[in-house]
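# for reference, the sequence and a predicted model appear below.
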Amino acid sequence: VRTALMNYNVLPYEKEFYIWIYYFSLIDGQQHRLIKQHAISLWRLFYSKNIEKPKILDSWLNYLEDDINNEISKTITYDTWRIFPQFVEFIQLNGYQSYDDNEAWPCLFDSFVEYYQKNNLIIYIINIFLK
């Protein structure tokens, strides 16, 4: 996958290539789930080729990496992988405050938005007291 990503430079096929990465990276017996650590590495590789790395990418990957005990998820489903670019676009256009967990987003996105909002609130409060 790393070699394919390094040689990849065809934007019209970006969506198809993104989906191909998922299927190519599945290990036998995993059905439609990627090991979380593999997915994190693949997102890093895929978006390293993108001129405009999504602003939420680092927060998303930190969120997944902070889940050391796999309490949130051990794997990344096909749905989560497939919809991630749409989720990124939605957040970049509308912001976290417009996210509605009653819509048909994967549950992992719901918990990420909650995590992000809590962390930002904590940072905001700390900054108030440090001033």
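Alright, I've got the coordinates.
# the least confident helix or strand in the chain by mean pLDDT: what's the following helix or strand?
In the chain, no helix or strand scores lower on mean pLDDT, DSSP states H and E than helix 2-7, which sits at a mean of 59. Proceeding N to C from helix 2-7, the next assigned helix or strand is helix 14-25, under DSSP states H and E.
# mind checking how far that next one is from the chain centre?
Relative to its chain's centre, helix 14-25 lies at 14 Å (Cα atoms, centre = their mean, to the nearest Å).
# mind listing what's buried along that helix?
Of the residues in helix 14-25, those buried under the neighbour-count criterion (16 or more other Cβ atoms under 10 Å) are 17-18, 21-22, 25. Where C-beta positions appear, they are placed from N, C-alpha and C, glycine not excepted.
# which residues are in contact with residue 69?
Contact analysis of residue 69 by Cβ atoms under 8 Å, 6 or more residues apart in numbering lists nothing.
# now the terminal residues of stretch 28-44, how far apart.
With Cα to Cα, to the nearest Å as the measure, the ends of stretch 28-44 fall 23 Å from one another.
# what's the helix or strand for residue 53?
In the assignment (DSSP H and E), residue 53 maps to no helix and no strand.
# cool, and residue 91?
According to DSSP H and E, residue 91 maps onto helix 78-94.
# what is the rounded mean pLDDT of that helix?
Averaging the model's pLDDT scores along helix 78-94 yields 94.
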